[in-house]
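> Generate a structure from the sequence data that follows.
(chains A and B)
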Amino acid sequence: MASRKPFQKVSESPTRPTNREEARPFDVADLYTGPAAAGETEGAAAVRLDEKLRQAYFWVVNHAIISPYYDIEYNEAPPQHYVFGDRKVGVNLPSEQSYSSYVLFPLLNLSVRRRCLLVGGPGRGKTVIAILMGVLSGYSLRDIKRAIQHGQPQMTIADLLGNPLPSTLVSAGSMDDVTIAWRKWLGMRVKIIDEYNRIPTRTQSALLTVMADNYAELYDQIFECPDAAWYLTANDEAGGGTYQVIEALRDRIDVVVKALHFNTRFLGDLLLRIEEGVRPEEIVPPQIVFTAEGLRRMEAEVRRVRLPATLRRRFEFFAAHFEFFEPAARQVEYMTKDTVKLAGMDFHQLASQETGKDASADLGFQTKNGLSVRALMTSLVFMKALAYFRGQDEVTFEDVRQSLPFVLHDKLVQNADAPFFEEEGNAPLRADHVSWIRRLFDASCAEYDRLDLDRGDPVAECDRIFEQGLDGVEAKEVRRRLTDIERTLEGWTKGRKFYGHMFDDILKLKYYHQRYTNFLRWLEWKGG
Amino acid sequence: MEGRLTGPLAGVLERGRERYNALFAAARRGKRSLDPEAFSEHLAACLDPIVRAIHEADAARTDPAADDLYLLSLELMGSGLLGPASRSPWISACWEELLPRIGNLLSKNPRGLAAALSNAVHNIAGEAGTKPGEWLDAMAALAPRCTGEAAFLQAGTVAAWRCGMAHFREAALSAIPAMHPSALGIALGMEEGAPDPALLAEALRDPWCPPRPAGRKTPASLAIVARVGGFRGFGGPFLKPPRAFLGGGRLHLTDGEGSWKVHADCFNALLTRSSILKADSGGARAGNEAVSPAGRVTLGARSATLPHLAGRESAATDGHTLLVTVPRSHYAYIVAAVPGEPS
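Numbering: from 1, shown residues only, chains lettered A, B, ... in the order given. The predicted structure is shown next:
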């Protein structure tokens, strides 16, 4: 790895060659491009930003963070597979370019300016990778180090946000006259909160305002923060630490990345760093440093990546499994896990009342909650970011499959008592949330394929018809559509258990039924 | 390594001694050929004068500029493109002869401009028939006459065309109207002043009319002015003897495997890769009519017998230039009206 390459070496383009590459047309700017890299590479003749992002990734994994892991696996052909030990531990050798989540997701977080939590034991490089992201954003190492907020039990709101100037406090006639010396980090494009679970609860609330609403408030004065990529670190991902992390703050975390252990086979690299006095964050090559404008443009480009309708449907199907909870209520709309939580009732006691369903097969049994709108939106953003990173203009199935576990890591609360985890080989999934969520998605997709929903989805057909609009639709046609909906619902009542994925379908058909009913009534009124 | 230095670069290296030593050590881990002595020599003989020039132009920019150029030096020397053992002597020449003379421009974007100029001279030297030395001289003379980096590099494109980068002809001609007359004169290789507007207008029409008085000669007969191509095994582009064709209104050659656009004018003739494989309709007939099997060539109002082209295999013309291939040769011949001596 790093021992064979100079630290300043940036991977040559293309970092992910594909067969789609075509002969580049002549460009007069080619006169000034060649083996000498210009450093600032976001101008008209620059490399594409996704290419630059990949170059940054490869520089970090090859020279900065010793992370020889490829847990984000891509395959274009079946991978070589090996099995080790009595527990049949499988190891794949991926046949396509694969990635280390520990470096990849912080970079994706930089590209979409969200909030990334780095978890893991002390000394695993969590703060270093956060600092590297700051340097990649164009800040000097000195500035970024000064801007780190170190969580500690005595941290006050003033420590976090700033102080009123004493002179204005004395002379102020009103709160508006108080001048606040805001902390510099609030205005930065990269924000680092080290050991956020050591911040006192009251100060966490002030931090929540900055994270959630992008402004800080002191003495009725407001500081509007710029869009920023956040990096928070914690030694304990369960939210423990000196202070319990407030739930609202945890909910604002968009993606969780685990710092993996140090592979002792790379001790030689550490030795060389000591001997040569090399600190990677001090020698980041200028070619991979982004400007503020470059970061803004990159986020816009990520948003333009397309999500095919078929994949969106699979993701909808997956997300639909979790919120439904039949014992929670009598009326179908309230049959959600949220109803139980709001009522303060014991989830496990109610869960035991679930009858007739295969508790191992029903994915909804495995969680104590459903997915919030925020979680769904963040999932969509990161699957696009991963596709963008791979140089694609469209999300692929594997991009969805690989990004979801890191986005939903803290969003899906595991029901560790579910029968699924008692089955042979599933117990480790109680601790390994990445594998658990990936397995949930795989199981959901298998069910989706079994139901053949790509070809026969009555709700999708209703969507297609409804999207054509109601203008000019006659009463006879509306009645036919109402009958179709009733017939579909009638069909579902026969012989099928009420599973989570049916919950949203039934409610959507009810929605269409109501829209058509109202429209029919209006048509009849209009027709006299 | 900064013992031999006394100028502003010495100060920069002294202040960042640990970092610069670490950077060198890190670079050397991957490139054992990166010789400390050679790098020290480069710092003293090459980088020091450049940093002095930047310091004179804008002392406040000395530290970041020296830092940028130190990193670029490491990269280029690590790749064998700079320094005493360089396999690209023209990049070294650029650093030794050009960069110390453009301190003012360099101070604003040291890495970007140094890299751009290094790349340009490297690219020019990589084409047959070009004059990278003349280009470096032109750029040194152009620097004081250009208001900023953009104008400097645009003038550099015109100079590159004149120094043999024939494929930059159109870009150069489109840049000319925006150039200051004195800069234009230097870029086009004239002692002083701008070219005659009439000559410039003629050059826009006729690629074989140089837009400078020095090259002004009376038109004479047709002649073979250049030969392009060659067998790939001997360093040329073609696997098989090529055929000429007119595609998209431009002269092309193809060996059946790939296609190349022919750029030929009064400054040079060279090939660039093309995606055009299909000939324009009527192009083949016009080409064949321009060269008889006996080697009788007709281009516009002029005719000549060129025995070398007897038995031509294929031909194409765009009205100014005739491209001819002959059997069993991996080369193609370019025929044009060559200006003769004044009568």
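
> Now do the SS call for B:Leu271.
Recorded secondary structure, B:Leu271: strand (DSSP: H, G, I helix; E, B strand; the rest coil).

> For it, give its distance to A:Tyr334.
Distance, B:Leu271 to A:Tyr334, using Cβ to Cβ, to the nearest Å: 74 Å. Glycine gets a C-beta too; all of them are placed from N, C-alpha and C.

> Smallest gap between chain A and chain B, at which residue?
Distance from chain B to each residue of chain A (Cβ to the nearest Cβ) is smallest for A:Gly34, at 3.2 Å.

> where in the chain is pLDDT low?
All of this refers to chain A. Along chain A, segments meeting pLDDT under 70 span A:1-9, A:12-14, A:16-26, A:39-47, A:236-241, A:354-355, A:495-496, A:528.

> ah, no, chain B please
Looking at chain B by pLDDT under 70, you get B:1-4, B:30, B:191-199, B:201, B:204, B:212-220, B:339-343.

> Centre-most residue in it?
Nearest residue to the geometric centre of chain B (Cα atoms, centre = their mean): B:Ile124, 3.1 Å.

> Would you list the phi and psi of that residue?
Backbone geometry at B:Ile124, expressed as degrees, to the nearest 10, gives phi -60, psi -50.

> ok, now A:Tyr82?
Torsion angles at A:Tyr82 (phi, psi; degrees, to the nearest 10) stand at phi -130, psi 150.

> ok, it touching A:Lys88?
No. Contact criterion Cβ atoms under 8 Å: A:Tyr82 and A:Lys88 do not qualify, at 10.5 Å.

> What spatial separation is found between the residue lying closest to A:Arg124 once chain neighbours are set aside and B:Glu127?
Leaving aside its sequence neighbours, A:Arg124 sits nearest to A:Ala259 (Cβ to Cβ, 6 or more residues apart in numbering or on different chains; 3.7 Å). Going from A:Ala259 to B:Glu127 by Cβ to Cβ gives 50 Å.

> quick one: what helix or strand has whichever residue of chain B sits closest to chain A in it?
At 3.2 Å from chain A, B:Asn119 is the closest residue in chain B, using Cβ to the nearest Cβ. Using DSSP states H and E, B:Asn119 sits within helix B:110-125.

> If you count contacts, what does that helix end up packed against?
For helix B:110-125, the contact count by 3 or more Cβ pairs under 8 Å, 6 or more residues apart in numbering or on different chains; DSSP states H and E identifies helix B:62-78, helix B:89-93, helix B:103-108, helix B:132-142, helix B:149-162 as packing neighbours.

> how about the ones you listed, which one is nearest B:Asp318?
Proximity to B:Asp318, assessed across these by Cβ to Cβ, is greatest for helix B:149-162 (18.2 Å).

> Now tell me what touches that closest one from outside.
Contacts to helix B:149-162, defined as Cβ atoms under 8 Å, 6 or more residues apart in numbering or on different chains, come from residues A:28, A:31-32, B:102, B:105, B:108-109, B:112-113, B:116-117, B:120, B:124, B:134-135, B:138-139, B:142-143, B:145-146, B:168-169, B:171-172, B:175-176, B:178-179, B:183-184, B:186-189, B:267.

> Residue numbers of the stretch 51-200 of chain B in contact with chain A?
Contacts of the stretch 51-200 of chain B with chain A, taken as Cβ under 8 Å from any Cβ of the partner chain, map to B:68, B:71-72, B:74-76, B:78-79, B:81, B:91, B:109, B:111-112, B:114-120, B:122-124, B:153, B:156-157, B:160, B:165, B:167-168, B:171.

> If you count neighbours, what's buried in stretch A:406-425?
Buried positions in stretch A:406-425, judged by neighbour count with 16 or more other Cβ atoms under 10 Å in any protein chain shown: A:406-412, A:414-415, A:417-418, A:420-421.

> Is it possible to get JSON lines of those that adds secondary structure and distance to chain B?
Formatted as JSON lines, these follow (DSSP: H, G, I helix; E, B strand; the rest coil; distance: Cβ to the nearest Cβ, whole Å):
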{"residue": "A:Phe406", "secondary structure": "helix", "distance to chain B": "31"}
{"residue": "A:Val407", "secondary structure": "helix", "distance to chain B": "35"}
{"residue": "A:Leu408", "secondary structure": "coil", "distance to chain B": "39"}
{"residue": "A:His409", "secondary structure": "coil", "distance to chain B": "35"}
{"residue": "A:Asp410", "secondary structure": "coil", "distance to chain B": "37"}
{"residue": "A:Lys411", "secondary structure": "coil", "distance to chain B": "40"}
{"residue": "A:Leu412", "secondary structure": "coil", "distance to chain B": "42"}
{"residue": "A:Gln414", "secondary structure": "strand", "distance to chain B": "44"}
{"residue": "A:Asn415", "secondary structure": "coil", "distance to chain B": "49"}
{"residue": "A:Asp417", "secondary structure": "coil", "distance to chain B": "52"}
{"residue": "A:Ala418", "secondary structure": "coil", "distance to chain B": "50"}
{"residue": "A:Phe420", "secondary structure": "helix", "distance to chain B": "49"}
{"residue": "A:Phe421", "secondary structure": "helix", "distance to chain B": "47"}
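
> Please find the angle between the direction vectors of the helix holding B:Asn119 and helix B:132-142.
Computed with axes from the mean of the first three to the mean of the last three Cα atoms, to 10 degrees, the direction of helix B:110-125 lies at 140 degrees from that of helix B:132-142.

> List the buried residues in helix B:110-125.
Under the neighbour-count criterion of 16+ other Cβ under 10 Å, helix B:110-125 has B:110-125 buried.

> Done for today, thanks.
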